[in-house]
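Visitor: how would this look folded up:
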Amino acid sequence: MRFAFAPYLLHFKEPGGTSRGVMTEKPTFLVKIFDEADPDHYGIGEAAVFPGLSPEADGNYVWKLTEVLANVAIGKQTDLSRHSSIQFGLEQALLDYSNGCRGIYFPSSFTTGEGEIEINGLVWMGDFDRMIERIDEKIRAGFHCIKLKIGAIDWEKEVEMISYIRRRYTPQQLMIRVDANGGFDATDALTRLRRLGELGIHSIEQPVKPGQFELMATLCRESPVPIALDEELIGKGTEEEKSAVLDAIHPAYIILKPALCGGFSGAEEWIRMAVDRGIGWWVTSALESNVGLNAIAQWTAAIGAEGPQGLGTGGVFTDNFITPVRLHGDRLSYDVKERFDHAQFEGLKWHM
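Guide: A predicted model of the protein is given here:
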């Protein structure tokens, strides 16, 4: 078997705002697995590295991909315990290859066109009026759960925005999740969480920056809003590290981004450990191209995830790839009439 990789740069249709800053582009890498005797027949995947969030996103990343390339050629395993996004991409490529190189990673009722996945509508940060406009667009499109990025604009404006939604829709009519991306601090976190609790918020992701186990544990005990860990899971590659996080903090939920928490195998270990502790979970994407999103959607359906999932639609980028995953209202489905065409990857600059 052989391995190859190619860089690719995704561009946002509109700047994407989070508490960590505004993004206009997102780098990624496509990877493939093939038999040297038949290089046109290959499994495709995405090593969806996330600069500023993925610990492995440094100057050695391409060298690690090159190490995988060399090791696959000689049949040697590569330690990817600290390279979650590469593990994620390699798993996809191997699964696609083993399923006939058709873009099928996890066969299920979803990939036969009989199943759907409910997703939340993500509303990016922006000025007050633009965020209200985006919220209204999501609700008109049929979303029953929305996720708001908070923590970057004026706090009182954010509360006003959520209050605006609640005046129009009860918690029974519309589920609201918020994601602070670590934007609160020890001095204001609990006060803000109590304020959000008055507004019927379903949950909040990562209210404070990761690595503050004692503070996060206190917030999880005292917050009226259930807390979900997100960034806190990143970089935890061993079972001991995962246990330390869950046992020290004991959150209400964990958020699983396969590209950031050990690929599909790592995410499944997180799920097993969370379920053993009575902790809930759901899946989110992490600004992958449609290649990675296709694989995540198939995996999410195959593992039987329940409730609204945080899967993107690929529609935020101007130069995405085409896959059979489609969005109708708040549901992702798989169009069995649409062929997953590998020709769209032929013009990339492959290193092999």
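Visitor: could you use CA atoms for every contact and neighbour count after this?
Guide: OK.
Visitor: please, where are all the helices along the chain?
Guide: Assigned by DSSP state H, the chain shows helices spanning 61-74, 84-98, 128-140, 155-168, 189-197, 213-222, 239-249, 263-276, 290-302.
Visitor: out of those, which is the most enclosed?
Guide: Using mean count of other Cα atoms under 10 Å, the stretch among the helices of the chain with the largest mean neighbour count is helix 84-98, at a mean of 25.
Visitor: quick one on the thing from earlier: just put the helices of the chain in a markdown table and tack on mean pLDDT and distance to residue 321.
Guide: Formatted as a markdown table, those follow (pLDDT from 0 to 100; distance: least, Cα to Cα, whole Å):
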| stretch | mean pLDDT | distance to residue 321 |
| --- | --- | --- |
| helix 61-74 | 97 | 22 |
| helix 84-98 | 98 | 16 |
| helix 128-140 | 86 | 23 |
| helix 155-168 | 90 | 34 |
| helix 189-197 | 96 | 38 |
| helix 213-222 | 98 | 39 |
| helix 239-249 | 97 | 34 |
| helix 263-276 | 98 | 21 |
| helix 290-302 | 98 | 6 |
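Visitor: for these, give me TSV that also has distance to residue 117.
Guide: TSV is the format used below for the helices of the chain (distance: least, Cα to Cα, whole Å):
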stretch	distance to residue 117
helix 61-74	32
helix 84-98	20
helix 128-140	16
helix 155-168	24
helix 189-197	28
helix 213-222	29
helix 239-249	27
helix 263-276	18
helix 290-302	7
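Visitor: nearest to residue 49, of those helices?
Guide: Comparing these against residue 49 with Cα to Cα, the closest turns out to be helix 84-98 (5.4 Å).
Visitor: in the stretch 1-150 of the chain, which spans are strands?
Guide: 2-18, 21-35, 38-47, 117-118, 121-123, 145-149 (DSSP state E, counting those that start in this stretch).
Visitor: flag every buried residue along the third one.
Guide: This means strand 38-47. Using 16 or more other Cα atoms under 10 Å as the burial criterion, the residues of strand 38-47 that qualify are 41-47.
Visitor: which of these sit farthest apart?
Guide: The distance between the two most remote of those (Cα to Cα) is 19.4 Å, for 41 and 47.
Visitor: okay, now the domains of the chain?
Guide: With automatic domain parsing as the criterion, the domains of the chain are listed as 2-103, 117-334.
Visitor: for residue 109, find the nearest of those domains.
Guide: With Cα to Cα, the closest approach to residue 109 among the domains of the chain belongs to domain 117-334: 8.1 Å.
Visitor: off-centre distance for that closest one?
Guide: Distance of domain 117-334 from the chain centroid (Cα atoms, centre = their mean, to the nearest Å) equals 9 Å.
Visitor: distance across it, terminal residue to terminal residue?
Guide: End-to-end distance for domain 117-334: 10 Å, by Cα to Cα, to the nearest Å.
Visitor: repeat for stretch 40-60
Guide: Comparing the first residue of stretch 40-60 with its last one, the separation is 29 Å (Cα to Cα).
Visitor: residue 115 reaches residue 335, doesn't it?
Guide: No - taking Cα atoms under 8 Å as the definition, residue 115 is not a contact partner of residue 335, at 10.6 Å.
Visitor: what's near enough to touch residue 85?
Guide: Residue 85 sits next to 47-49, 54, 258-260, 262-263 when contact means Cα atoms under 8 Å, 6 or more residues apart in numbering.
Visitor: re the thing from before, check the strands of the stretch 1-150 of the chain for me and report the most buried one.
Guide: Ranked by mean neighbour count, with mean count of other Cα under 10 Å as the criterion, the strands of the stretch 1-150 of the chain are topped by strand 121-123 at a mean of 24.
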